[in-house]
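Student: Sequence first, predicted model second:
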2 protein chains.
Amino acid sequence: MTETLPGWREGTARKAIIDFVARVCREDSQEFVQQAERIAVFDNDGALWSEQPFYFQGLFLFERLRELADRHPEWKTSQPFQSALEGDWQTFKSFGSKGLLDLAVVVLSGTTTDEYECIVRDWLATARHPMSGRLYTEMVFQPMLELLEYLRGNGFKTFIVSGGGIEFVRAFSERVYGVPPEQVVGSSIVTRYQVRDGEPVLERLPELNFIDDGEGKPVGIHQHIGRRPIAAFGNSDGDLQMLEWTTGGEGARFGLLLHHDDAEREFAYDRHSAAGRLDRALTEAPGRGWTVVSMKNDWKTVYP
Amino acid sequence: MTETLPGWREGTARKAIIDFVARVCREDSQEFVQQAERIAVFDNDGALWSEQPFYFQGLFLFERLRELADRHPEWKTSQPFQSALEGDWQTFKSFGSKGLLDLAVVVLSGTTTDEYECIVRDWLATARHPMSGRLYTEMVFQPMLELLEYLRGNGFKTFIVSGGGIEFVRAFSERVYGVPPEQVVGSSIVTRYQVRDGEPVLERLPELNFIDDGEGKPVGIHQHIGRRPIAAFGNSDGDLQMLEWTTGGEGARFGLLLHHDDAEREFAYDRHSAAGRLDRALTEAPGRGWTVVSMKNDWKTVYP
């Protein structure tokens, strides 16, 4: 017999998960849920892998910006490109989240979808985290991998619902999380179908299609999944509406927030972090019946 | 032993399907495809159920228009509503496909997503086809139901990729086709997340989000599925790019067009039909290696 959730310490969080699964999966349970309706949604950044010192896709974006800068001399004198290239974070931050978004849309477009997938895969295969020196895909959370597996073993279909780029996450979700591309929801830019020299391609345009964050998460879930999840796992205020939408339905529901309070093994941040801010959701969690996981106390291990 | 595809007559079409499945599923085959990559996409209108005298969702739309007309006196004097309400099809058609789309966006919005699902389900449970007198869901094609089942039995994941509304199709896809909502791609209007009196809802807005037709189909497939299908099944020029995108990839690929040539058991139409026009794709099918199915000759039965 293999142990259930071996990376989780005995405690209220682990118990809440196991109790919920028993309540919805046991056929004699009053709260039994048909297998088809066992939909679980997971945020990615900060919920399945780390997100400090900044979202990993952001670090990828800045590297890509520098790589492409020679071909775009106009970036040297136009914002927000100039400040990002010069590493002038004070100025860059003054453009707010719109600055980052404008940058992302321009820098991450201009290729076909196949080319983009290769670029992301190459980066993930070689780039190292600036502090840990690990590959980014080695900074996924062992207890969460176990949780994904545990839910799937109990008939759940697991989806990722990320504020990050849908194509970025898909480039590694199947290999690393066991979540196939068709079960990834995320932010996206517009793509256009074209036949080039007889070969059909999808071209990535510098135009925003969808932001899958905050109030966008229930919208993205509905668009992609078409039914309401019964369990949601997040770690930041960007996940608040996803948890609200999930746990606001009838019958047994489960909402979980991972609290990054482990400066020794990972990072400690919450209400004032630039990436993965957890403020309102942390305040409201007890009143809403959401389980708050302390990385420090509830997890035996962090990384695999 | 149960017979394979019993509703299909012996012939080139049935043989082409069975040969393709053997080529990609047999582990000793040079063209073996991993199960995760066995993605098959199906158009809905005219491919899985009938679409004459007009797309069934269009018939639903006109009924809904009349139901709501009392609450919208302004429709009596503004186009394209006026002509649709008066049954003045000559004038209505003069607004082209944009007229139909404008009508759809306004008439089918204004509810929550849950309410809309109930409205569609109620209609499907009671409304009768004007010519056959059947329920619309009784006008699905028996040989295509067998084909869906046959592919799934061979490890394929089956998706619907419809020019029709994603929420309309999802209201019956699982029950009728065995295709769960998360495997339906379609056209959509914008939805917005809201908390009303403490209850989270998704509100359907009168604003177009995405048209999943023609060049939109490969875009919708990429957005929802994130990998290229290896088999595509359609019946009209609106499916041309879906078949092109699917069969343009490497390895074994399969494209199929259903030709409605059976006026006796269903309908006969192709190059000049208002709904489901099949013109360019029919001309190009032989050169592209796509299988053309004659409903009249290849199918033993049409409806269940």
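Tutor: Sure thing, it's come through.
Student: where's A:G58 relative to A:L103, distance?
Tutor: The spacing between A:G58 and A:L103, counted by CB to CB, to the nearest Å, is 9 Å. Yep, even glycine has a C-beta here, placed from its N, CA and C like the rest.
Student: make that A:G216, sorry
Tutor: In terms of CB to CB, A:G216 sits 19 Å off from A:L103.
Student: Break down chain A into its helices, ranges please.
Tutor: Assigned by DSSP state H, chain A shows helices spanning A:12-25, A:56-68, A:81-86, A:89-93, A:96-107, A:113-126, A:142-153, A:166-177, A:216-224, A:240-247, A:280-288, A:295-298.
Student: For those helices, give me TSV that also has mean pLDDT and distance to chain B.
Tutor: Output for the helices of chain A, formatted as TSV (pLDDT from 0 to 100; distance: least, CB to the nearest CB, whole Å):
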stretch	mean pLDDT	distance to chain B
helix A:12-25	98	18
helix A:56-68	95	16
helix A:81-86	93	28
helix A:89-93	88	28
helix A:96-107	90	16
helix A:113-126	98	6
helix A:142-153	98	14
helix A:166-177	98	5
helix A:216-224	98	5
helix A:240-247	98	5
helix A:280-288	98	11
helix A:295-298	98	28
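Student: Select, out of those helices, the one closest to A:V195.
Tutor: helix A:113-126 (14.3 Å; CB to CB).
Student: who does the closest one touch, helix- and strand-wise?
Tutor: helix A:56-68, helix A:166-177, strand A:199-210 (3 or more CB pairs under 8 Å, 6 or more residues apart in numbering or on different chains; DSSP states H and E).
Student: now the angle between helix A:96-107 and the second one, please.
Tutor: Helix A:166-177 runs at 90 degrees relative to helix A:96-107, counting by axes from the mean of the first three to the mean of the last three CA atoms, to 10 degrees.
Student: same thing with the longest one?
Tutor: For helix A:56-68 against helix A:96-107, the angle by the same axes, to 10 degrees is 50 degrees.
Student: tilt between helix A:56-68 and helix A:113-126?
Tutor: 110 degrees.
Student: which other residues reach helix A:56-68?
Tutor: A:45, A:49-50, A:75, A:81, A:84-85, A:100, A:103-104, A:107-108, A:119-120, A:123, A:127, A:129-130, A:136, A:139, A:164-165, A:168, A:275 (CB atoms under 8 Å, 6 or more residues apart in numbering or on different chains).
Student: rerun at 7 Å
Tutor: A:84-85, A:103-104, A:107-108, A:123, A:136, A:164-165, A:168 (CB atoms under 7 Å, 6 or more residues apart in numbering or on different chains).
Student: Neighbour count added to those, as CSV?
Tutor: Listed next are those as CSV, based on neighbours: other CB atoms under 10 Å in any protein chain shown:
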residue, neighbour count
A:A84, 23
A:L85, 16
A:L103, 23
A:A104, 23
A:V107, 23
A:L108, 23
A:W123, 18
A:Y136, 21
A:G164, 23
A:G165, 22
A:F168, 27
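Student: show me the contacts for the residue nearest the centre of chain A.
Tutor: Centroid-nearest residue in chain A: A:N44, 1.9 Å away (criterion: CA atoms, centre = their mean). Contacts for A:N44 (CB under 7 Å, 6+ apart) come out as A:160, A:162, A:164, A:169.
Student: among those residues, which two are most distant?
Tutor: Using CB to CB, the two most remote members of these are A:I160 and A:G164, lying 9.2 Å apart.
Student: Out of the contacts of A:N44, flag the one nearest to chain B.
Tutor: Using CB to the nearest CB, the shortest approach to chain B within the contacts of A:N44 belongs to A:V169, at 9.4 Å.
Student: So the closest one versus B:R26, what's the distance?
Tutor: A:V169 is 33 Å from B:R26, by CB to CB.
Student: In terms of neighbours, single out the busier of the two.
Tutor: Shown here are A:V169 and B:R26; by other CB atoms under 10 Å in any protein chain shown, A:V169 has more neighbours (27 against 12).
Student: Let me see the contact set for that one.
Tutor: A:44, A:160, A:162, A:184, A:186.
Student: Quick check: the first one vs chain B, distance?
Tutor: According to CB to the nearest CB, to the nearest Å, A:N44 stands 14 Å off from chain B.
Student: List phi and psi for that residue.
Tutor: Per-residue torsions, A:N44: phi -100, psi -70 (degrees, to the nearest 10).
Student: Run through the residues of the stretch 151-300 of chain A sitting next to chain B.
Tutor: A:170, A:180-182, A:184, A:188, A:191, A:193, A:199-200, A:202, A:215, A:218-219, A:222-227, A:241, A:244-245, A:248 (CB under 7 Å from any CB of the partner chain).
Student: Among those, name the buried ones.
Tutor: A:170, A:180-182, A:184, A:188, A:191, A:193, A:200, A:202, A:215, A:218-219, A:222-227, A:241, A:244-245, A:248 (16 or more other CB atoms under 10 Å in any protein chain shown).
Student: Break chain A into its domains for me.
Tutor: A:12-53+A:137-298, A:56-126 (automatic domain parsing).
Student: still on that earlier bit, could you single out the most deeply buried of the helices and strands packed on helix A:113-126?
Tutor: Ranked by mean neighbour count, those are led by helix A:166-177 with a mean of 22 (mean count of other CB atoms under 10 Å in any protein chain shown).
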